[in-house]
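Visitor: Curious how this folds, go ahead:
(2 chains)
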Amino acid sequence: MDPRIETINRLASLVKSRIGDRQPVLGIVLGSGLGSLANSIEDQVVIPYRELPEFPVSTAVGHKGNFIVGQLGGKTVIAMQGRIHYYEGYGMDQVVLPIRVMIGVGIKTLIVSNAAGGTNLAYHVGDLMIIRDHINLLPNPLIGPNFDDFGPRFPDMTRPYDPALIRLAVQVGDELGIKLHRGVYVGGTGPSYETPAEYKYFRTIGGDAVGMSTIPEVIVARHAGVPVFGISVITNEAHDDYADDFVNDGEDVVKAANAAAERMTGLITNMIERMSL
Amino acid sequence: MSYLETIHLAADLVKSRLNGRQPLVGIILGSGLGKLADEIEDPIVIPYKEIPGFPVSTAIGHKGNFIVGTLAGKTVIAMQGRIHFYEGYGMNMCVLPTRVMVCLGIKYLFVSNAAGGTNLAYKVGDLMIIKDHINLLPNPLIGPNLDEFGPRFPDMTRPYDPALIRQAVKIASEEGIPLQRGVYVAVTGPSYETPAEYRYFRSIGADAVGMSTTPEVIVARHSSIPCFGISVITDVAHATDDDDYVTDGEAIVKAADSAADKMTVLFKRMIAEL
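Guide: Numbers count the residues shown, from 1 in each chain, chains lettered A, B, ... in the order given. Predicted structure coming up:
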């Protein structure tokens, strides 16, 4: 057997052994903006990544490294508190390992979140964007021998983000009065931020927001036929031509992102309550 | 040895050869643009092969030396020969010389390259101030962050220093040197671009395309060093799906040569005024 699959199976068994007879049906990647959702999970079992042999440890600022299993919105969920980023220097196999472990544990749906720069000129700091599609400018995580147990050699990407879950989000957003964009997420490697010319490039090819994560996780989930819902919080605006005196006001950005995080948490919690899993 | 230790070991060796000189400006000389090195006075030549951890540049027309000396009254350190990703080196190696220059305390980085014009108005021999870039090479900052050099997520709002660009425009107009201002897109090469790729680069906003420079600029900006960049347009293969199109090598060499002279004048005056 491919040693990578043995690792995934061993880690999935280890996680299962720590959560007794609970069966997580929903995986959640708590990116920037959704961190506080972890506090809403009840009857928590926390499994630090460092207690999982061969597991990469997230080095990104503000990212913890835990699986949290518990109850949220009446469902058993497994949340990743801290994701693994490609820019940290990990190979793609390691970046998507936690997702494959969650698939091994048996999740039926995946929710992903991230902080992103708005390339769409109509987007503002603090806006929420439902990811309706993506453009992957990161290396593809499925390069290498195919994991036939997980999915096909050439997985379809016609609907990377589940249309029914997008409709549910729009409905919940309407009811709660939460304004939601629907846009295309471009995933680049980072870690340097984009230049103005790069922002213009991403807009030209159809991107509404740009970030450094998420897509590898989504591709791996879709490989295994797991439906995905994704949401971005816009934490900075992408100008093509900055005035000489333009300053990125870090404090304003943090404030707006925090306010957006509350709305995002409300939206996701409400969605989970209504999901039939 | 860690990458950080490699950088410091190399920087220490270079520093030990400088007899106390403190370079103010780092200069990276691109393909065919090495002439500027001949104008550096009291040069100390440090071959890359004598520096621990350094790769040896294999590109044609690229020597592999640091040259430290005086140019336009300022102490400069010039890279005669850069390390290209297409040579098969990892990104850490490609930007090692730039990291070393940062360690030596340079306050400005001047970069030059030969590029293909994707902008249809560009002609062979044109000089283009790089006002911005699109990086299609791997990002040189992937991996654990080197905190002593800069932050995890460095800003790239102004990769090329607006004040240096304004100064270049002023000097060029005084000297009667025509300048383009454009966006440089960096790709791996080493195969040249197809006509379809030229169209692609033009459509995403690029004016010129080449195989270097952006990694060095990203690393310099990681440490907040102001950068100035110039491309010499050495071919304009953009409109050339015609069956009978042939690249005229001799004309290109001539045009690039005279462009290199103009670039040398521009760099020298800019450095004199720093």
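
Visitor: Check residue 243 and give its pLDDT.
Guide: Answering for chain A, as no chain was given. At residue A:243, the model reports a pLDDT of 59.

Visitor: My question was about chain B, not that one.
Guide: 66.

Visitor: swap in residue B:57?
Guide: pLDDT, residue B:57: 57.

Visitor: Tell me which residue is most central in the chain.
Guide: Went with chain A since none was named. residue A:112 (2.8 Å; CA atoms, centre = their mean).

Visitor: wrong chain, I was asking about chain B
Guide: residue B:111 (3.1 Å).

Visitor: Report the secondary structure state of it.
Guide: Following DSSP: H, G, I helix; E, B strand; the rest coil, residue B:111 is assigned to strand.

Visitor: Residue B:233 too?
Guide: strand.

Visitor: longest single helix anywhere in the chain?
Guide: In the absence of a named chain, chain A is used. Counting by DSSP state H, the longest helix found in chain A is helix A:250-274.

Visitor: switch to chain B, that's the one I care about
Guide: helix B:249-272.

Visitor: Residues in contact with that helix: which ones?
Guide: B:25, B:27, B:32-33, B:35-36, B:39, B:71-74, B:76, B:110, B:112, B:114, B:123-127, B:164, B:167-168, B:171-172, B:175, B:177, B:228, B:230, B:232-235 (CB atoms under 8 Å, 6 or more residues apart in numbering or on different chains). In this view, the C-beta of every residue, glycine as well, is placed from N, C-alpha and C.

Visitor: again, 7 Å this time
Guide: Helix B:249-272 has contacts (CB atoms under 7 Å, 6 or more residues apart in numbering or on different chains) with B:25, B:32-33, B:35-36, B:39, B:71-74, B:76, B:110, B:112, B:114, B:124-125, B:127, B:164, B:167-168, B:171-172, B:175, B:177, B:230, B:232, B:234-235.

Visitor: Kindly report the same for stretch B:6-19.
Guide: By CB under 7 Å, 6+ apart, stretch B:6-19 touches B:44, B:46, B:51-54, B:66, B:68, B:96, B:99-100, B:103-104.

Visitor: Okay, strands next: where are they in chain A?
Guide: In order along the chain, chain A carries the following strands (DSSP state E): A:26-30, A:42-48, A:66-72, A:75-81, A:109-118, A:128-136, A:180-187, A:209-211, A:228-237.

Visitor: Please list the residues of the stretch 151-274 of chain B that sit near chain A.
Guide: B:152-159, B:162, B:183, B:203-205, B:218, B:222 (CB under 7 Å from any CB of the partner chain).

Visitor: Filter the residues you listed down to the buried ones.
Guide: For these, a neighbour count by 16 or more other CB atoms under 10 Å in any protein chain shown gives the buried set as B:152-159, B:183, B:204-205, B:218, B:222.

Visitor: among those residues, which are in helices?
Guide: Those of these mapping onto helices are B:218, B:222, per DSSP H.

Visitor: Now render the buried ones among the residues of the stretch 151-274 of chain B next to chain A as a markdown table, adding pLDDT.
Guide: Below are those laid out as a markdown table (pLDDT from 0 to 100):
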| residue | pLDDT |
| --- | --- |
| B:152 | 92 |
| B:153 | 92 |
| B:154 | 94 |
| B:155 | 92 |
| B:156 | 94 |
| B:157 | 92 |
| B:158 | 93 |
| B:159 | 97 |
| B:183 | 98 |
| B:204 | 97 |
| B:205 | 97 |
| B:218 | 98 |
| B:222 | 98 |
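
Visitor: Save the buried ones among the residues of the stretch 151-274 of chain B next to chain A as TSV, and put in distance to residue A:65 too.
Guide: TSV is the format used below for these (distance: CB to CB, whole Å):
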residue	distance to residue A:65
B:152	16
B:153	19
B:154	24
B:155	26
B:156	28
B:157	31
B:158	34
B:159	32
B:183	39
B:204	36
B:205	38
B:218	27
B:222	25
